[in-house]
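Colleague: quick one, fold the following:
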Amino acid sequence: MAQKRAMPSEKRIVMARVVAERWLTSHVHPEHRLTVYYVGPRDGKGIPNLMRSLRDAKIKLGSDVTPIPDLGIEEAFDNITLWSADNEAMKRLAAWFEKHGYETTGAW
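Modeller: Purely as a prediction, here's the structure:
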């Protein structure tokens, strides 16, 4: 004979949601993305290493673009996607790429 399982109480469900909400609000932060496409004569072979050096504060790209310590980098075949919590820094980085002839999605 099969036994019926007791349903979790509503109080436990509400408590679990409160704990999950508390954890999410403390660990989640805004993220701004930028995709740079390699088109035309721009092959972009050195761009990922250049971005890693920028993140690690080994280089500086002009006077506007300063190191971005939380810069995330994802390489693909024909583009590179960058992300950071600093929206203004991402906008300056997008402007730098566009100035140098790359197509971007803009920082969003």
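Colleague: what is the burial count for S53?
Modeller: By other C-beta atoms under 10 Å, the residues close to S53 number 15. The C-beta positions use only the backbone N, C-alpha and C, and glycine is treated the same way.
Colleague: and the one 10 residues further on, by the same measure?
Modeller: Neighbours of S63 under the rule other C-beta under 10 Å: 7.
Colleague: same check, this time on L34
Modeller: Neighbour tally, L34, other C-beta under 10 Å: 20.
Colleague: what does D43 give?
Modeller: Quick note: D43 (other C-beta under 10 Å) scores 10 neighbours.
Colleague: for this protein, what's the longest helix?
Modeller: helix 10-27 (DSSP state H).
Colleague: residues making contact with it?
Modeller: Helix 10-27 has contacts (C-beta atoms under 8 Å, 6 or more residues apart in numbering) with no other residue.
Colleague: just the CA atoms of whichever helix or strand comes after that helix, as CSV, please.
Modeller: Later in the chain than helix 10-27, the nearest helix or strand by DSSP states H and E is strand 32-37. Only the C-alpha atoms of strand 32-37 are listed here, as CSV (Å, rounded to 0.1, in the frame of the first residue of the first chain):
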residue,chain,number,x,y,z
HIS,A,32,27.0,45.6,-19.4
ARG,A,33,28.0,43.8,-22.6
LEU,A,34,29.9,44.8,-25.7
THR,A,35,30.5,42.6,-28.8
VAL,A,36,33.3,43.6,-31.2
TYR,A,37,33.2,42.0,-34.7
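Colleague: which of the residues in whichever helix or strand comes after strand 32-37 are classified as buried?
Modeller: Using DSSP H and E, the helix or strand that directly follows strand 32-37 along the chain is helix 47-55. By neighbour count with 16 or more other C-beta atoms under 10 Å, helix 47-55 contains the buried residues 47, 50-51, 54-55.
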